[in-house]
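A.B. asks: Turn this into a structure:
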Amino acid sequence: MATVQAPRGHGFGAMAALSVRRAFRLRIEPNEVLDDERRAMTAARPAITDETQQAFLAWRRSVLFMAALLMIPVAFLHAYENLKELDNFPEGWKSLTYLSVIVEAGFAVFLWTQVPRWTAWKRQARTLSWAWLIYFLTPFLMFLYPLASSIDYGDATPELHQQMQLAAGVVVGAQALISLAPKVISLLQGLIRASIATKTLFPGASAPGWLMVIAAPLYMIIFYIFVLLPYHFSGSGLVVLGMLLVLAAKGTLVRAGLGLTRPMPDDTARHATRKALGLWMVLLIAGASCIVAGLWNLVSRASPLTLINFGLSMGANILLLTLIATDALITALDRARGTTADERRLADEAAGQVAAFTAERA
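C.D. replies: Numbering: from 1, shown residues only. You can find the predicted model right below:
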């Protein structure tokens with residue numbers, strides 16, 4: 001089987017060019033594994049010789065590389081936006097802001113320490129999950145700080161004090177929405193992508209389909225809540241249309257997920273996932289375009305750095321969640337398969353009980 005050649009050049013630039021082509025797909029074929037990657041995997045202890053696993057790890061390497069690459073500007077831009085004009089804020093908020101910046105920068109550095117260790121994916125999957133959890137939860141803890149009520153409003157009258165505190169609360173809430181939205185939305189987006197990637201790896205497994213069925217409705221609810229606030233600032237019908245299109249996109253994933261819950265041959269699984277992805281992406285892009293057009297008055301007033309950081313943060317978090325959730329799904333499938341004769345017997349009995357329970361009665 002012919003091996004795809006590496007892009008022209010060597011080093012960082014060549015790896016970046018290769019990873020861009022790989023990372024935003026949901027799998028690569030065994031013949032796309034490069035010679036140096038195959039040598040690295042066969043030299044690992046224990047050696048990785050299965051072609052499907054080699055393709056998965058090569059794909060995983062590129063996803064990790066791109067996520068680490070995107071996290072560099074994300075960490076710098078977040079640090080710049082969070083640290084500027086911090087002098088007038090309470091000490092408690094300053095401390096939490098410094099902590100958040102340090103955690104994000106540390107996580108970006110941590111990702112780069114993991115890039116060379118891509119062949120030891122089982123060990124890496126555990127450490128990456130714990131590091132991501134700290135990175136993910138830190139901003140949520142930060143926004144628990146009651147900033148609006150901690151600001152000194154001087155000698156303002158009680159009525160003016162209340163109005164100023166309310167205005168400050170709205171600003172902090174908007175900041176929280178912009179900061180947390182990429183993480184929350186990418187969480188479920190990554191789970192859905194991981195489900196599809198895992199189904200193409202293991203077409204006989206039913207768990208990836210069920211995860212799609214569960215994740216898609218949750219995504220619909222969370223997305224609706226996040227878009228509802230800016231919609232009321234514009235009142236545009238385009239925002240409503242965009243929301244409906246995005247919700248319809250997620251609705252197609254529920255239907256597709258129900259189909260993917262059944263074990264199926266490899267070719268059938270690939271065709272089903274390709275079809276689901278095609279319709280999903282068309283509706284998603286159309287819906288997102290309508291929402292941006294409807295909110296253009298708000299979007300155009302935002303800082304260009306904020307918009308760039310929002311997009312980069314979404315991309316980095318989606319890639320990370322795709323990677324972490326795929327690792328978790330594979331581990332879960334391994335735990336669920338039954339490693340002893342008793343476990344396999346119990347699994348067969350459960351399957352028989354379900355079939356009897358759901359059988360039609362005359």
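A.B. asks: Okay, L57 and L70: tell me how far apart.
C.D. replies: According to Cβ to Cβ, to the nearest Å, L57 stands 20 Å off from L70. C-beta here means a position set from N, CA and C on the backbone, and glycine is covered the same way.
A.B. asks: so where is this protein shaky, pLDDT-wise?
C.D. replies: Along the chain, the parts satisfying pLDDT under 70 run over 1-10, 337-341, 343-344, 346-347, 350-351, 353-354, 356, 358-362.
A.B. asks: just the helices in it please.
C.D. replies: Taking DSSP state H as the test, the helices found in the chain are 12-23, 35-42, 51-83, 91-114, 121-142, 147-150, 158-201, 207-234, 237-260, 266-294, 296-299, 304-336, 341-358.
A.B. asks: E29 is nearest to which of the ones you listed?
C.D. replies: Between E29 and those, the shortest gap by Cβ to Cβ is with helix 51-83, which sits at 6.0 Å.
A.B. asks: what's the angle between the closest one and helix 121-142?
C.D. replies: If you take axes from the mean of the first three to the mean of the last three Cα atoms, to 10 degrees, helix 51-83 sits at 20 degrees to helix 121-142.
A.B. asks: on contacts alone, who are the packing partners of helix 51-83?
C.D. replies: helix 12-23, helix 35-42, helix 91-114, helix 304-336 (3 or more Cβ pairs under 8 Å, 6 or more residues apart in numbering; DSSP states H and E).
A.B. asks: Domain parsing of this structure, as residue ranges.
C.D. replies: As assigned by automatic domain parsing, the chain contains the domains 1-145, 184-362.
A.B. asks: Dump the ones you listed into JSON lines; add mean neighbour count and distance to P158 as well.
C.D. replies: Output for the domains of the chain, formatted as JSON lines (neighbours: other Cβ atoms under 10 Å; distance: least, Cβ to Cβ, whole Å):
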{"stretch": "domain 1-145", "mean neighbour count": "16", "distance to P158": "20"}
{"stretch": "domain 184-362", "mean neighbour count": "17", "distance to P158": "28"}
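A.B. asks: can you tell which of those is closest to D155?
C.D. replies: Comparison of the domains of the chain against D155 by Cβ to Cβ identifies domain 1-145 as nearest, at 16.6 Å.
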